[in-house]
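Enquirer: okay, predicted coordinates and the sequence, questions at the end:
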Amino acid sequence: MSSVSLPFEILPRTGNLNTTPVAPIADADRLGLTKKQVAADHPTWCPGCGDFSVLALYFKLIEKRKIWHEKITTVAGIGCSSRFPYFVQAHGAHYIHGRALPFASGVSLTRPDLHVFTFGGDGDAFSIGGNHVNHTARKNIKMTYVIMDNWVYGLTKKQTSPTSPIGFKSKTDLGGALDQPINPMKQLISAGATFVARASAANIPHLLQMMEAAMDHDGFSVIECLSECVEFFDGAFDAANPRKGGKFDLVPAEHDVTDEFAAYKMAADPFPGKFGIFYKVNRPTKNKNEADITAKAMEKVQGKKPWEILQATFNRMK
Ligand SMILES: Cc1ncc(C[n+]2csc(CCOP(=O)(O)OP(=O)(O)O)c2C)c(N)n1
Ligand code: SF4
Ligand SMILES: [Mg+2]
């Protein structure tokens, strides 16, 4: 763990109990956390892995948008990409494979003051966690979900993932993958996600723009971020990388992000397709809907002690 310089002073314990504590610094006067303050363990990814860029940009986002330790929650499932929370010096959880979203939903619904960021891989999102993606999307739970798509299971050393292209040779498909891959953008749009964007770890300024826009969205904001696994699927995204002879085409300026059918149609473009915000609409979040129900319920029991509310509930069940 790297050392963290705190925005307040910890007073040494002395015999004088009358020591006056130092007043906390007002939020407006607090500086954004630097990478040094927010970086934890040194990432254990292979040199050249795309996940490094995503982490570096997360640190940049935290600094730029002045998010402090106590306001960040980083949640992930299992996989190379899901090791994210280990590398961030803040609250977070490295949770069960595929179950990052239900965990993150609980945090989001109970702590409206936090922004919850969830990170994971294509396997975590669309295989074992495939059902949770759909339900988090339709419920529109406020959080940002970055899917680091490398078209392979990296951590477990090269099995076919739900986004692996047909013909990809892996330990589970020795002769090449046979099954139709998932189209992440189509799935996210049709499941009801209210912010759906596509980015690449190889285009740093664009990815930062997408992360900022996602964070500002009031709802479930998802970014499919191509993040190359140099160890088990080297060169997978060359066609989307101008430095490797590919092309990085942005979503056209005239695209209407509220047009679900246009977004869905754009998602059908053959690889490398377009990059940017495909779909963005406002729909009440589950956070707001639940907060409204709670507020109404609280109005009815105003002035009552918790045990009296509990007793009344038991009485109704008799
Ligand atoms: C319940 C359960 N099933 C299977 C595994 C084994 N497992 C760990 S990570 C992983 C796949 C990770 O792939 P992905 O989500 O694409 O992440 P990447 O490593 O590629 O970043 C699998 C199958 C597990 N840890 N738990
Ligand atoms: S195995 Fe692949 S995804 Fe995992 S750290 Fe190495 S390059 Fe990255
Ligand atoms: Mg993967």
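Expert: Thanks, I have the structure now. Ligands and ions are numbered 1, 2, ... in the order given.

Enquirer: so what touches the helix or strand harbouring Ile189?
Expert: According to DSSP states H and E, Ile189 maps onto helix 184-191. The contact list for helix 184-191 (C-beta atoms under 8 Å, 6 or more residues apart in numbering) reads 122, 125-126, 133-134, 137-138, 147, 149, 163, 196, 198, 222, 224, 260, 263-264, 266-268, 278-279. Where you see a C-beta, it was placed from the backbone N, CA and C, and this is true even at glycine.

Enquirer: which among those count as buried?
Expert: Buried by 16 or more other C-beta atoms under 10 Å: 122, 125-126, 133-134, 137, 147, 149, 163, 196, 198, 222, 224, 260, 263-264, 266-267, 278-279, out of the contacts of helix 184-191.

Enquirer: among the residues you listed, which are located in strands?
Expert: The members of the buried ones among the contacts of helix 184-191 that map onto strands under DSSP state E are Ile147, Asp149, Val196, Arg198, Val222, Glu224, Phe278, Tyr279.

Enquirer: out of the residues you listed, who's nearest His115?
Expert: Val222 (14.5 Å; C-beta to C-beta).

Enquirer: wait, the closest one touches Ala137, no?
Expert: Yes: using C-beta atoms under 8 Å, Val222 is in contact with Ala137, at 7.4 Å.

Enquirer: quick check: neighbours shared by the two?
Expert: With C-beta under 8 Å, 6+ apart as the test, Val222 and Ala137 both reach Leu188, Ala193.

Enquirer: ok, which stretches of the stretch 1-150 of the chain are strands?
Expert: All strands of the stretch 1-150 of the chain, identified by DSSP state E, counting those that start in this stretch, fall at 72-76, 91-94, 115-121, 143-149.

Enquirer: can you put those strands in a markdown table and add distance to Ala23 and mean pLDDT?
Expert: A markdown table is the format used below for these (distance: least, C-beta to C-beta, whole Å; pLDDT from 0 to 100):
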| stretch | distance to Ala23 | mean pLDDT |
| --- | --- | --- |
| strand 72-76 | 24 | 95 |
| strand 91-94 | 24 | 94 |
| strand 115-121 | 26 | 97 |
| strand 143-149 | 33 | 98 |
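
Enquirer: can you lay out those strands as a markdown table showing distance to ligand 3?
Expert: Listed next are these as a markdown table, based on distance: least, C-beta to the ion, whole Å:
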| stretch | distance to ligand 3 |
| --- | --- |
| strand 72-76 | 12 |
| strand 91-94 | 16 |
| strand 115-121 | 4 |
| strand 143-149 | 7 |
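
Enquirer: Serialize these to TSV and add fields for distance to His255.
Expert: Shown next, in TSV, are the strands of the stretch 1-150 of the chain (distance: least, C-beta to C-beta, whole Å):
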stretch	distance to His255
strand 72-76	31
strand 91-94	34
strand 115-121	26
strand 143-149	21
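
Enquirer: CSV for these, including distance to ligand 1?
Expert: Output for these, formatted as CSV (distance: least, C-beta to the nearest ligand atom, whole Å):
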stretch, distance to ligand 1
strand 72-76, 10
strand 91-94, 11
strand 115-121, 2
strand 143-149, 6
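
Enquirer: how about the strands in the stretch 151-300 of the chain?
Expert: Going by DSSP E, counting those that start in this stretch, the stretch 151-300 of the chain shows strands at 195-200, 220-226, 249-250, 274-280.

Enquirer: fine by me, thanks again.
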